[in-house]
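**Q** A predicted structure for the sequence below; I have some questions about it.
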Amino acid sequence: MTNTINDLNKILDEADCLVDEVKLNEALDKMASQISADLADKMPLVLCVMNGGLIPTAALIERLHFPLELDYIHATRYGMETEGASLNWLSYPQTSLKNRHILVIDDIFDQGHTLQAIVNWLEQQGTSSVYTATVINKLHDRKTNMTPDYIGTEVADRFLFGYGMDYKGFFRNLKGIYAIKGS
Ligand SMILES: O=P(O)(O)OC[C@H]1O[C@H](OP(=O)(O)OP(=O)(O)O)[C@H](O)[C@@H]1O
Ligand SMILES: Nc1nc2[nH]cnc2c(=O)[nH]1
């Protein structure tokens, strides 16, 4: 069903803001200093996981004051749905990955299948090391067997949107993290 602007405005009006812009910026500053401590001398290749990783990647790399390269990977589980199935690989990085230190940035670590599959693939490409960063870790016990190296903040097990995450394709541009009413 197509959403009207009124439907979308109602979703946002009724949503709970779980992490505001101030708290997000604090979390991003902390992540950036941890990443800098580990990667400042490694000329890393930063890989943005599209689409959700777009805003977190921009926010993090502007806080990293050392030489890095930027590329992206597009792998998606959820499409326009709110429940995920298998991973679709839509685009691979064009930069050579061999002997590179990689930093993968995404918006959310939910069950972890997306990041786990990306890390598994990167490790088969002759990379020197693979680090992972997500702004949000959703709290529940349905995780894969990995944890991101850098996590911004932990959030309750609800359907989230904002700061890269979408509700039916919308709201990725919001400067906070919101949860849908009743989720
Ligand atoms: O930890 P998981 O349970 O695997 O979920 C996390 C993934 O889900 C979202 O992507 P989605 O597939 O919805 O695509 P999008 O980035 O285009 O929104 C999000 O950006 C992560 O990549
Ligand atoms: N928009 C959105 N995408 C997700 N991908 C995995 N979990 C979520 C979520 O809570 N919200």
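**A** Nice, I can see it. Ligands and ions are numbered 1, 2, ... in the order given.
**Q** is it true that residue 164 touches residue 134?
**A** No - at 9.7 Å, residue 164 does not count as touching residue 134 under the criterion of CB atoms under 8 Å. C-betas here are computed from N, CA, C, even on glycine.
**Q** After the longest helix along the chain, which helix or strand is next?
**A** Longest helix of the chain, by residue count under DSSP state H: helix 21-39. Next along the chain after helix 21-39, taking DSSP states H and E as the criterion, comes strand 45-50.
**Q** Bridged to residue 136, which residues?
**A** Beta bridges link residue 136 to residue 108, residue 153, judged by DSSP bridges.
**Q** tell me the pLDDT at it?
**A** On pLDDT, residue 136 comes in at 98.
**Q** What distance do you get for it to residue 38?
**A** 20 Å (CB to CB, to the nearest Å).
**Q** Who has more neighbours out of the two?
**A** Neighbour tally, residue 136 and residue 38, criterion other CB atoms under 10 Å: the higher count belongs to residue 136, 28 against 15.
**Q** contacting residues around that one?
**A** Contacts of residue 136 were listed using CB atoms under 8 Å, 6 or more residues apart in numbering, and they are 19, 107-109, 151-155, 160, 165, 177.
**Q** how far away is it from ligand 1?
**A** According to CB to the nearest ligand atom, to the nearest Å, residue 136 stands 9 Å off from ligand 1.
**Q** Could you do residue 174 as well?
**A** Look at residue 174 and ligand 1: by CB to the nearest ligand atom, they are 14 Å apart.
**Q** mind checking pLDDT for residue 77?
**A** Predicted confidence (pLDDT) for residue 77: 79.
**Q** these two touch, right, it and residue 89?
**A** No - using CB under 8 Å, residue 77 is not in contact with residue 89; the gap is 10.8 Å.
**Q** quick one, which of the two is more surrounded?
**A** Remark: of residue 77 and residue 89, residue 77 carries more neighbours, 16 against 12, as counted by other CB under 10 Å.
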